[in-house]
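> structure, please.
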Amino acid sequence: MLDSKIFKANDIRGIFGTEWDARGAWALGVAYAGLIGEPTVVVSRDMRLSGPEVMEEFIHGVVSQGTSVVDAGLASTDGLWFASGAWDLPGVQITSSHNPSSYNGMKFCRRGAKPVTSEFLIELKQRAQDIDAGVVPVTEAAVTGSVERRDLLGEYVDYVLSLVDTSGMRHLKVVVDAGNGMASLTAPAVLSRLDVDLIGLYLKLDGSFPNHQPNPLEPKNLVDAQKAVRDNGADVGLVFDGDADRVFVIDEKGDVVNPSAITGMIAVAELARDPGATIVVNTITSDAVGEIVAEHGGRVAHSKVGHTFMKALMASQNAVFGGEHSAHYYFRDFFGADTGMVAGLHVLSMLGHTDTPLSELVASYTRYVASGEINSTVADQQAAMTRVAAALGTDAAISWEDGVKIVGDGWWVSLRPSNTEPLLRLNVEAKDAGVMERLRDDVLALVKEDK
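Numbering: from 1, shown residues only. Down below sits the predicted model:
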């Protein structure tokens, strides 16, 4: 079973057992082996309860076509990107990122952690669905591919620590909320090598997510870490999503740091190492980042939201760094891929090399008032976006490159369909809080006309 709705713009994800199943995982393995056209691939998985079954059936499909597999076992998604880059193999991560426990999915890359294309995902969908439905007969290769088990955690830890200068840092007290996700494995291994007190929340791998959903975009999932920072007098909090390729940052007051401010901070650090370099941002990144990059001699390139789009633009522009408002951070030195851990290490390094508290450190990178991301379930997403464009676009510039973005004098509104969920996502930014709030409320009223 492979329901069409599980195939997203950047990856695969859906409810396992309802929208896809073990046979579907096997069909994806068969289709992937034929499409990727490589002798060996690396496969890993996160801690989801259905992960072992999905991984077993997917690998079964792959090796049946004569393609060998390096089984990297349990790994974060950025661990899989590392394995693909360091071992020069195409890769598949079995994960559904921040989705609830009933979900599972897959993320793909080519050799060197390079992104697959939209065309690749479209062709994979067609091939796998035809195989799953029995429309296309499957012929096994004369020689079945081999499976080699290889642990990557030690190599991963060494590599991420080599990318950030953590020498000479002052002692830090750090809260880490892994949400029972893959940072439960990676964060202690990395931070044990630094002069920090680790205050861990939910560091036991558990794909049922007994404490909170592993989605730091939802404010309620940050509350425990915010409280732990305040209660323990910590310097900083790091909250990872389920597959640990994203990280949200909390300052010493327990306040959430806007991911655009983190993007600006890391951009400045990367431009100090590579003057004049390109920084990639997406369509909902704060305008402050572009201003800050220009002030430090860099240039900005704009991408659609989503890791395949960001990675492709990073590669084409030879960009040194990229940041998304969803707290995905991409590094040229990390094979152009996104990694929550390297971003977290940058924050620790910048904080550890100064006596300034994090709230003061990030203040200069925050120049606008933002709504944060607001999600709505809408029957007709295109109609809602069209209504908003008609209402706000009279004296403003309108772009339909990624949903609709309307840019006025000192403000912008972005309304776009999610790449991963049946939601319409609203982001608003303005110089003035009153303007932001009025725009936010007006747009939400227009969106809800469909309800």
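
> what bits of the stretch 351-451 of the chain have low per-residue confidence?
The model of the stretch 351-451 of the chain has pLDDT under 70 over residues 420, 450-451.

> which stretches in it count as strands?
Using DSSP state E, counting those that start in this stretch, the strands of the stretch 351-451 of the chain run over residues 369-370, 374-376, 397-399, 404-408, 411-417, 424-430.

> Glu291 is nearest to which of the ones you listed?
When these are compared by C-beta to C-beta, strand 424-430 sits nearest Glu291, at 12.5 Å. For glycine as for every other residue, the C-beta is placed from the backbone atoms N, C-alpha and C.

> name every strand pairing with that closest one and say which way it goes.
Here strand 424-430 is paired, per DSSP bridges, with strand 369-370 (antiparallel), strand 374-376 (antiparallel), strand 411-417 (antiparallel).

> pull the residues that contact the first one.
So the one you mean is strand 369-370. 258, 260, 286, 427-433, 436 (C-beta atoms under 8 Å, 6 or more residues apart in numbering).

> how about a cut-off of 7 Å?
Under the contact criterion C-beta atoms under 7 Å, 6 or more residues apart in numbering, strand 369-370 has outside partners 258, 286, 429-430, 432-433, 436.

> coming back round to it: can you put the strands of the stretch 351-451 of the chain in JSON lines and add mean neighbour count?
As requested, these are exported to JSON lines (neighbours: other C-beta atoms under 10 Å):
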{"stretch": "strand 369-370", "mean neighbour count": "19"}
{"stretch": "strand 374-376", "mean neighbour count": "16"}
{"stretch": "strand 397-399", "mean neighbour count": "13"}
{"stretch": "strand 404-408", "mean neighbour count": "19"}
{"stretch": "strand 411-417", "mean neighbour count": "23"}
{"stretch": "strand 424-430", "mean neighbour count": "24"}
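
> dump those strands to CSV, plus distance to Val190.
Converted to CSV, the strands of the stretch 351-451 of the chain look like this (distance: least, C-beta to C-beta, whole Å):
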stretch, distance to Val190
strand 369-370, 30
strand 374-376, 31
strand 397-399, 39
strand 404-408, 36
strand 411-417, 33
strand 424-430, 31
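
> out of these, the one nearest Val92 is which?
Nearest of the strands of the stretch 351-451 of the chain to Val92, taken as C-beta to C-beta: strand 411-417 at 25.4 Å.

> that closest one versus strand 404-408: what angle between them?
If you take axes from the mean of the first three to the mean of the last three C-alpha atoms, to 10 degrees, strand 411-417 sits at 180 degrees to strand 404-408.

> can I get strand 411-417 in CSV, CA atoms only?
Output of strand 411-417 as CSV, limited to C-alpha atoms (Å, rounded to 0.1, in the frame of the first residue of the first chain):
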residue,chain,number,x,y,z
TRP,A,411,6.1,44.7,6.2
TRP,A,412,5.6,41.4,4.4
VAL,A,413,3.0,38.6,4.6
SER,A,414,3.8,35.0,3.5
LEU,A,415,1.0,32.5,3.1
ARG,A,416,2.1,29.1,1.7
PRO,A,417,0.9,25.5,1.7
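
> circling back to that earlier point, filter the contacts of strand 369-370 down to the buried ones.
Neighbour-count burial (16 or more other C-beta atoms under 10 Å) applied to the contacts of strand 369-370 gives 258, 286, 429-430, 436.

> farthest-apart pair in those residues, please.
Between any two of the buried ones among the contacts of strand 369-370, the greatest separation by C-beta to C-beta is 13.9 Å, found for Asn258 and Ala430.

> so which of the strands paired with strand 424-430 comes closest to Arg23?
strand 411-417 (29.4 Å).

> now that closest one: how far from the chain's centre is it?
20 Å (C-alpha atoms, centre = their mean, to the nearest Å).

> off-centre distance for the helix or strand encompassing Lys173?
Secondary structure from DSSP states H and E places Lys173 in strand 172-177. Centroid separation for strand 172-177 versus its chain: 21 Å, with C-alpha atoms, centre = their mean.
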